[in-house]
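Student: Could you look at this predicted model? Sequence included:
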Amino acid sequence: MRKYVIAGNWKMNNTPAQTKELINEMKPLVAGASCEVVLCVPFVDIAAAVEAAKGSDIKIGAENIHWAESGAFTGEISGDMLKAAGAEYVIIGHSERRQYFGETDDTVNARLKAAIAAGLTPIVCVGETLEQREKNITVETVAMQTKIAFRDISTADAKNTVIAYEPVWAIGTGKTATDEQADEVNGAIRNVIAEIYGKDVADSIVIQYGGSMNAKNAEGLLAKEHIDGGLIGGASLKAQDFAVIVNAAK
Ligand code: PEP
């Protein structure tokens, strides 16, 4: 049985003070959740989030990680720094990083290795653009992204990695993949993992859906066989909405 992972992605929102306020509002609403609850927050909010989440089951994550351990990489943050700040998870290869900051499948692979080395649980994002979906190359696109992301990653490490299928056309647009579309692609990703690592890893790896998941559509998406949770943007900034999604993940 796979445990659902519901992870918020706050993107570039909230100061440390706002972080504390929002987490304090969320805590009673998600208490007793049967899924793993994660909030991935801006770097400067990690310490405040860890402090505010104390005494709850909410885990804190980052939104990016650099592949080097340290050095001349102005503006970047290493895995050890994230770990020391109290982060347990990290998002890698979000489509906004790919689109606006030149992230490639190879840098995703490098960041994945760094996250594993630092003892963080990675959430690796894959997903097709609208153009790729219209050209009918969705499965090929996510298969390639997955294969490159997992290059030289051991079976044991792959098993502990979370994958988020996030169709680019559904992120922040209010357009959600249908339950069937999302399940189909998540199933295809699981097949790619089975090809690389075998059935045991494929059966146990957590594959989320992300892309305008909200309080209304979460239940249908999460009921699907291959959807083991969600990566939630906009709705993770609203305590009530995020709690509805968390509580739908049973
Ligand atoms: C995301 O940021 O990963 C995301 C899915 O955003 P939204 O839920 O707002 O579409």
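Tutor: Happy to help now that I have it. The structure displayed is predicted, hence computed values, not measured ones. Residues are numbered from 1 along each chain as shown.

Student: OK, contacts around residue 107?
Tutor: 67, 93 (C-beta atoms under 8 Å, 6 or more residues apart in numbering). (C-beta placed from N, C-alpha, C; glycine too.)

Student: now do residue 205
Tutor: Counting by C-beta under 8 Å, 6+ apart, residue 205 has contacts 2, 158-159, 161-163, 190, 193.

Student: Kindly reformat those residues as TSV containing distance to the ligand, secondary structure and neighbour count.
Tutor: Output for the contacts of residue 205, formatted as TSV (distance: C-beta to the nearest ligand atom, whole Å; DSSP: H, G, I helix; E, B strand; the rest coil; neighbours: other C-beta atoms under 10 Å):
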residue	distance to the ligand	secondary structure	neighbour count
2	20	coil	12
158	21	helix	20
159	23	helix	17
161	17	coil	21
162	12	strand	23
163	13	strand	27
190	20	helix	21
193	20	helix	23
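
Student: Pick out whichever of these sits closest to residue 78.
Tutor: Comparing these against residue 78 with C-beta to C-beta places residue 161 closest, at 18.7 Å.

Student: Settle this for me: residue 7 is touching residue 233, isn't it.
Tutor: No. Counting by C-beta atoms under 8 Å, residue 7 sits too far from residue 233 to count as a contact (10.2 Å).

Student: Quickly note the distance from whichever residue of the chain sits closest to the ligand to residue 205.
Tutor: At 2.1 Å from the ligand, residue 233 is the closest residue in the chain, using C-beta to the nearest ligand atom. Distance, residue 233 to residue 205, using C-beta to C-beta, to the nearest Å: 22 Å.

Student: and if you look at residue 121?
Tutor: Taking C-beta to C-beta, one finds residue 121 at 12 Å from residue 205.

Student: Appreciated, that's everything.
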